[in-house]
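Engineer: Here you go, sequence then predicted model.
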Amino acid sequence: MNLSNEKVVHKEEKTQEFLQFRKLLEYSDIISHCYSLGLDKTYRTFNPDGTELLKADYENNLNNYKTLCEANKMDYKNIVKARQAHTDNILNIENIEKSATIDTTQNADSLITNKKNIILTTTNADCILFLFFDPVKKVIANTHSGWKGTLQEISVKTVNKMENDYGCNPRDIIVCILPSIRQCHFEVDNEVYEMFYNQFKKLGNVDEFIVQDGSKWKIDTVLINKKILEQAGILPQNIEDSMLCSVCNKDIIHSFRAEGASYGLATAMIEIV
């Protein structure tokens with residue numbers, strides 16, 4: 001199965017399958033990026049209680065990171081990845097220890113840097129991941145936004161932090177939306193529906209992104225993020241959507257809803273070279 005479309009290209013190199021955005025490839029002299037596909041799984045490095053997983057899982061993760069980086073001419077020792085916890089915490093990354101440590105000990109769901117040779121890394125299995133790039137100020141960000149992150153508007157908070165801390169103009173920022181669960185499969189109960197309705201009724205016609213399906217509701221979190229990003233100053237033409245649903249493409253994209261308890265995690269990376 002090849003997932004290439006007008007926004008992304010599906011590549012296979014050195015046993016690794018991954019996606020890249022056509023728009024970001026125009027800046028390959030400034031940045032590198034990729035989103036892993038295929039059967040290799042990256043597992044959680046920490047249990048929900050904060051304890052580390054077994055060494056075997058860590059080594060499996062590290063091997064997958066190594067091969068993905070090798071396929072994209074990156075040095076895996078430059079990886080920085082926070083502990084994703086569905087927060088709106090955002091970290092500015094100024095340096096990294098060359099220790100091949102996959103995760104930091106800090107809970108954060110968005111990472112920003114303007115430094116070279118730092119690979120900002122996130123993982124997902126249905127949640128939205130965003131890659132941000134300002135080609136003027138040469139600033140990048142990598143953001144994880146599940147439905148809780150969308151409710152907290154972490155994508156907009158990332159743009160605001162890029163503007164406030166790095167002097168970025170939102171009109172210059174390119175935002176790439178990676179594969180995630182889409183409205184066709186994001187079905188929720190009344191409790192979650194009410195949270196989304198109350199948070200985003202400010203956008204106007206909620207029927208554009210929330211539809212009722214029997215006793216459930218289907219929510220278009222991608223469209224919500226597009227709307228709030230545009231309100232934050234991102235130009236519509238600078239929003240690059242992969243247009244890929246993780247559940248619809250479960251044979252090659254990891255999906256919690258499709259895989260269940262044995263789900264794996266895909267990896268998104270971006271680096272200033």
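Structural biologist: Here it is on my side, so go on.
Engineer: hey, where'd the helices end up in the stretch 1-150 of the chain?
Structural biologist: Here the stretch 1-150 of the chain has its helices, by DSSP state H, counting those that start in this stretch, at 22-25, 55-71, 147-151.
Engineer: which residues does the residue nearest to Glu13 when sequence neighbours are not counted contact?
Structural biologist: Leaving aside its sequence neighbours, Glu13 sits nearest to Ala71 (CB to CB, 6 or more residues apart in numbering; 4.4 Å). For the C-beta atoms, the positions are set from N, CA and C on the backbone; glycine is no exception. For Ala71, the contact set (CB atoms under 8 Å, 6 or more residues apart in numbering) comprises 13-16, 18, 34.
Engineer: let's go with 6 Å and repeat that
Structural biologist: Applying CB atoms under 6 Å, 6 or more residues apart in numbering, we find Ala71 in contact with 13-14, 16.
Engineer: Quick one, grab the pLDDT at it.
Structural biologist: For Ala71, the pLDDT comes out at 93.
Engineer: what's the answer for Lys41, then?
Structural biologist: For Lys41, the model assigns a pLDDT of 60.
Engineer: go on, Lys14?
Structural biologist: The model's pLDDT for Lys14 equals 78.
Engineer: Phe200 now?
Structural biologist: 98.
Engineer: any idea whether it is helix, strand or coil?
Structural biologist: Following DSSP: H, G, I helix; E, B strand; the rest coil, Phe200 is assigned to helix.
Engineer: how distant is the helix or strand of the chain with the lowest mean pLDDT from the center of its chain?
Structural biologist: None of the helices or strands of the chain scores lower by mean pLDDT, DSSP states H and E than helix 55-71, at a mean of 79. Its chain's average C-alpha position is 19 Å from that of helix 55-71, according to CA atoms, centre = their mean, to the nearest Å.
Engineer: Just the buried residues of it, please?
Structural biologist: 58, 60-62, 64-69, 71 (16 or more other CB atoms under 10 Å).
Engineer: and which of the residues you listed is nearest Leu111?
Structural biologist: In terms of CB to CB, no member of these lies closer to Leu111 than Tyr65, at 15.4 Å.
Engineer: The nearest residue to Thr150 once chain neighbours are set aside: neighbour count?
Structural biologist: In this structure, Thr150 finds its nearest non-sequential neighbour in Thr221, 4.8 Å apart by CB to CB, 6+ apart. Applying other CB atoms under 10 Å, we find 23 residues neighbouring Thr221.
Engineer: I'd like the distance between Thr221 and Phe132.
Structural biologist: In this structure, Thr221 and Phe132 are 17 Å apart, going by CB to CB, to the nearest Å.
Engineer: Thr267 too?
Structural biologist: 17 Å.
Engineer: From the centroid of this structure, which residue is nearest?
Structural biologist: A centroid search over the chain (CA atoms, centre = their mean) returns Leu129, at 1.6 Å, as the residue closest to the centre.
Engineer: Now do the same for it: its pLDDT.
Structural biologist: Value for Leu129, per-residue pLDDT: 98.
Engineer: Okay, and the beta partners of it?
Structural biologist: His144 (DSSP bridges).
Engineer: looking at it, it is touching Ala268, isn't it?
Structural biologist: Yes. With contact defined as CB atoms under 6 Å, Leu129 reaches Ala268; the gap is 4.7 Å.
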